[in-house]
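Participant: Prediction below, plus the sequence it came from.
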Amino acid sequence: MTIERSDLEAKFRQVQTAVDETTSTAKNAGIGLAIGAVLLVLLVYLLGRRKGKKGGAQLEIFRLS
């Protein structure tokens, strides 16, 4: 059995197609994760601002001397 050039080229095309599909899938997942992280940080920031505007307990300290 001999391996011909056309056999190698066909196999390399298969491998290249698989690599391209995996790369595009990984990029899409990465972009989705990045967008989700930015939205989460923005939500936490906005909720923190809202909590800060409400104010907390007021503490008065009197000096007794």
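Facilitator: Right, received. Where do you want to start?
Participant: in the protein, which ranges drop under the pLDDT threshold?
Facilitator: The model of the chain has pLDDT under 70 over residues 55-56.
Participant: Where do the helices of it begin and end?
Facilitator: With DSSP state H as the criterion, the chain has helices at 5-54.
Participant: How many residues are close by Thr2?
Facilitator: Per other C-beta atoms under 10 Å, the neighbour tally for Thr2 reads 4. Heads up, the C-betas are built off the backbone N, CA and C, glycines and all.
Participant: Equivalent analysis for the one 4 residues further on, please.
Facilitator: Residues lying near Ser6 (other C-beta under 10 Å) number 8.
Participant: try Tyr45
Facilitator: Counted with other C-beta under 10 Å, residues neighbouring Tyr45 total 10.
Participant: do Lys11 as well
Facilitator: Lys11: 11 neighbours (other C-beta under 10 Å).
Participant: Tell me the spacing between it and Glu21.
Facilitator: As judged by C-beta to C-beta, to the nearest Å, Lys11 and Glu21 stand 16 Å apart.
Participant: Could you do Gly32 as well?
Facilitator: 17 Å.
Participant: and if you look at Arg63?
Facilitator: For Arg63, the distance to Glu21 - C-beta to C-beta - is 73 Å.
Participant: Pull out the buried positions in stretch 18-32.
Facilitator: When burial is assessed from 16 or more other C-beta atoms under 10 Å, stretch 18-32 yields no buried residues.
Participant: Now do that stretch: distance to the chain's middle.
Facilitator: The chain centre lies 13 Å from the centre of stretch 18-32; the measure is C-alpha atoms, centre = their mean, to the nearest Å.
Participant: Mind listing residues that contact that stretch?
Facilitator: For stretch 18-32, contacts defined as C-beta atoms under 8 Å, 6 or more residues apart in numbering pick out no residues.
Participant: Using CSV, write out every CA atom in that stretch.
Facilitator: Provided in CSV are the C-alpha atoms of stretch 18-32 (Å, rounded to 0.1, in the frame of the first residue of the first chain):
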residue,chain,number,x,y,z
ALA,A,18,-11.8,20.4,12.0
VAL,A,19,-9.3,23.0,13.4
ASP,A,20,-11.3,25.8,11.8
GLU,A,21,-14.6,24.6,13.2
THR,A,22,-13.1,24.2,16.7
THR,A,23,-11.5,27.7,16.5
SER,A,24,-14.7,29.4,15.5
THR,A,25,-16.6,27.6,18.2
ALA,A,26,-14.1,28.6,20.8
LYS,A,27,-14.1,32.2,19.7
ASN,A,28,-17.9,32.4,19.9
ALA,A,29,-17.9,30.9,23.4
GLY,A,30,-15.2,33.3,24.5
ILE,A,31,-17.1,36.3,23.1
GLY,A,32,-20.2,35.2,24.9
